[in-house]
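Peer 1: A structural model of the following input is requested.
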Amino acid sequence: GCVHEAIPDCCGNFICEQGEDELCSKDCNGETSSFFSGPVRYGMAGNMFDIKPLKDITIVGLDIHTRVHNPNNIVTIKVYTRVGSYQSHQHTSSSWSLVEYIRTSSGGEKSLTQLPDFSVPIKA
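Peer 2: Okay, the predicted model is just below:
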C-alpha cells in the first residue's frame, strides 16, 4: 500500500499531502505517529529523521520506546534538532542544537515513555 509514502490521493498513509487537509482527517489531524528502530551500539540508541512539512508546523512532544538496564528504571534522554537534513551530520555534534535533556522513569521495553512537552517550530 501507500503507508508512510507520499502518494497523491492516499488517505491513510500518515502523511498530510497537499490538498488533503480537510479530506483526510486521518492524515491531517495535527497528530502524527511513526515508528523508527535501529541497532544499539555502545549502549546508546537513537533515531535521526528528516521532517519536510507542506506547511509550518510545531513539534510539541515525543513518545519513545526505551530499554532500561538499571534497578531504578530511570533513563536519560536527549532530543536534538537541526535545520536541514541529518544526513552527513550523524557524527558532527556541533551541527545539532539540544532541545530537551530529560531524566525520567521508563515506560519499559514494550510500553511508551512520554517525554515532557517541548516546542520546535519547523518551516515548510
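Peer 1: so where do the strands sit in the protein?
Peer 2: Ranges of strands within the chain are 57-59, 63-65, 74-81, 97-105, 112-114, 120-122, based on DSSP state E.
Peer 1: other SSEs contacting the second one?
Peer 2: So that's strand 63-65. Contact analysis of strand 63-65 by 3 or more C-beta pairs under 8 Å, 6 or more residues apart in numbering; DSSP states H and E lists strand 112-114 as its packing neighbours. C-betas here are computed from N, CA, C, even on glycine.
Peer 1: Run through this protein and note the low-pLDDT ranges.
Peer 2: Applying pLDDT under 70 to the predicted model, the residue ranges of the chain that meet it are 1-9, 13-45, 69-71.
Peer 1: can we see that at 50?
Peer 2: 1, 4, 41-42 (pLDDT under 50).
Peer 1: Quote the end-to-end distance of stretch 62-75.
Peer 2: Distance between the two ends of stretch 62-75: 15 Å, counting by C-alpha to C-alpha, to the nearest Å.
Peer 1: Contacts for it, please.
Peer 2: With C-beta atoms under 8 Å, 6 or more residues apart in numbering as the test, stretch 62-75 has contacts from 37, 40, 45, 77, 79, 103-115.
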